Every structure is written in structure tokens, then in C-alpha cells.
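**Student:** okay, predicted coordinates and the sequence, questions at the end:
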Amino acid sequence: MTLTEAQVKTLLLYLRVDNQDESDLVAALGNSALTFCERYCDGVFVDELGADTDRDDTDSDDTDSDYMDTNLRQVLFTPDIWQAVMLLTAFWYANREANGQATSSVEYILDRHRIWSDS
């Protein structure tokens, strides 16, 4: 799943970015946030359950072969997951230096969508 043009516009509004020169940066950060959230939830986001999950990997720079597995479980892309994507995008936009941490708010939102092992 990648962000739609409408979702990028929503992110630009959310970040209060008026300069269209920043739209490519916001789109890249948003797609990275979306990928982070998918991986955190151990699945692939879909708009409806049972949808085709074959990934078009030609658009992706992702070389993680485990993640490209088309047999990943489906996770319904809900408004709370969209909120997590927006929060993480905003965090990365405001803190562009590498700091290696996600906000606890994003993890809190995504925890209910994650598979927790018994071990």
C-alpha cells in the first residue's frame, strides 16, 4: 500500500505546509511511516479484508525478502492506523535528524493491531 494523492494532501494540511516544494518530502516521509506501521503490525494493510494482497514491488526500494512475502496477514487500514501514520509523519518531518525512535503515541495506537507471541 502506498499513500494516495489525496492522503498526501491531507498530510500537507495536517503539517500546515503551504509550500508545494515540500510535497515530495512529505510523500516520502508518509510512505515510510506507512511501511513502518505495516511492519509494526506484522501484516499488509488493505482497504477491505479479503482483498488481493499481491504487492507491486517494482515501485518499492524495499529489499527485505521476508516483508515481500505475499502470504502476510491482512490488517484493515482503519482511521486509527491512518492517525498513527500522520503522527509518525509529523514526528519525522519535525525531527529530520536520525534519532531512531518512534513516538509512544504511534506504538500505543498500533499495539492493538499487532500479533503478540506467547513466548
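**Tutor:** On my side now, so go ahead.

**Student:** drop to CA atoms for contacts and neighbour counts, all remaining ones
**Tutor:** Will do.

**Student:** output the contacting helices and strands for the helix or strand bottoming out on mean pLDDT in the chain.
**Tutor:** Every helix and strand of the chain was ranked by mean pLDDT, DSSP states H and E. The lowest is helix 104-111, at a mean of 73. Judged by 3 or more C-alpha pairs under 8 Å, 6 or more residues apart in numbering; DSSP states H and E, helix 104-111 is in contact with helix 79-94.

**Student:** now do the least confident helix or strand of the chain against helix 79-94, angle only.
**Tutor:** 150 degrees (axes from the mean of the first three to the mean of the last three C-alpha atoms, to 10 degrees).

**Student:** can you dump the C-alpha atoms of helix 104-111 in PDB for me?
**Tutor:** C-alpha atoms of helix 104-111 as PDB (Å, rounded to 0.1, in the frame of the first residue of the first chain):
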ATOM      1  CA  SER A 104       4.900   6.200  22.100                       C
ATOM      2  CA  SER A 105       1.600   7.500  20.800                       C
ATOM      3  CA  VAL A 106       2.200   5.700  17.500                       C
ATOM      4  CA  GLU A 107       3.100   2.500  19.200                       C
ATOM      5  CA  TYR A 108       0.100   2.800  21.500                       C
ATOM      6  CA  ILE A 109      -2.300   3.100  18.500                       C
ATOM      7  CA  LEU A 110      -0.700   0.200  16.600                       C
ATOM      8  CA  ASP A 111      -0.300  -2.200  19.500                       C
END
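
**Student:** how much space is there between Val44 and Phe77?
**Tutor:** Distance of Val44 to Phe77, given as C-alpha to C-alpha, to the nearest Å: 9 Å.
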